[in-house]
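Novice: Give me coordinates for this.
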Amino acid sequence: MDEKSAVQSLAALAQEARLRVFRALVGAAPQGMTPSALAALLDIPASTLSFHLKELVHAQLVNVERDGRSLIYRSELARMNALLGYLIDHCCQGSRCEDGTCADSAADNAGDGAALEGTGAPAACPPFTARKTRC
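Specialist: Predicted coordinates:
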């Protein structure tokens with residue numbers, strides 16, 4: 001991910017309602033959710049939700065698919081992981097953290113699921129390593 005894309009993604013998430021919508025869609029992956037289900041879950045008016053979904057789609061953090069008469073919104077987990085990879089790409093300046101939790105390379109953590117697959121980024125410092133958050 002380049003800097004411009006990271007800024008676009010972060011700007012889209014820098015609003016309370018959009019962050020809540022995105023987190024709900026991450027939780028609903030891979031099935032996704034309809035706007036009516038999101039509105040009910042998050043108690044957000046439909047018109048407001050529509051605006052926020054449009055912004056998340058524009059930032060490529062969410063995609064939308066028509067299923068008959070319904071729209072299904074899904075989080076773009078690859079984009080989310082690319083953003084996380086961008087943010088931690090220079091974790092500990094490429095060397096081990098003082099507490100030894102960051103690896104010098106993703107290869108140092110082969111098999112433990114700590115590296116961000118496909119980003120070339122080193123394993124994350126806590127809390128990511130401890131939670132092994134990877135989709």
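
Novice: Run through this protein and note the low-pLDDT ranges.
Specialist: Where the chain drops to pLDDT under 70, the residues are 94-135.

Novice: ok, 50 please
Specialist: For the chain, applying pLDDT under 50 flags the ranges 104-135.

Novice: And the strands in it, which stretches?
Specialist: 62-67, 70-75 (DSSP state E).

Novice: Apart from its neighbours in sequence, what residue is nearest Gln15?
Specialist: With sequence-adjacent residues excluded and distances taken as CB to CB, 6 or more residues apart in numbering, Gln15 is closest to His52, at 7.3 Å. All C-beta spots, glycine's among them, are computed from the backbone N, C-alpha and C.

Novice: where's the one you found relative to Glu3, distance?
Specialist: Separation of His52 from Glu3 (CB to CB, to the nearest Å): 24 Å.

Novice: The two: who's more crowded?
Specialist: Of the pair His52 and Glu3, His52 is the one with more neighbours under other CB atoms under 10 Å, namely 22 against 8.

Novice: which residues does that one contact?
Specialist: 15, 17-18, 21, 44 (CB atoms under 8 Å, 6 or more residues apart in numbering).

Novice: Can you flag the buried ones in these?
Specialist: Among those, those classed as buried by neighbour count (16 or more other CB atoms under 10 Å) are 18, 21, 44.

Novice: Sort out for me which of the residues you listed are in helices.
Specialist: Among those, the members falling in helices (DSSP state H) are 18, 21.

Novice: Show the contacting residues for the closest residue to Ala46 other than its chain neighbours.
Specialist: Excluding the flanking residues, the one nearest Ala46 by CB to CB, 6+ apart is Ala39, at 5.3 Å. Residues in contact with Ala39 (CB under 8 Å, 6+ apart) are 45-46, 49.

Novice: By neighbour count, which of these wins?
Specialist: Leu49 (19 neighbours).

Novice: how many neighbours does Phe51 have?
Specialist: Neighbourhood size, Phe51 [other CB under 10 Å]: 13.

Novice: Distance of it relative to Leu87?
Specialist: 26 Å.

Novice: can you check Ala59 too?
Specialist: Noted for Ala59: a distance of 15 Å to Leu87, by CB to CB.

Novice: And for Gly27?
Specialist: 21 Å.

Novice: Great, nothing more from me.
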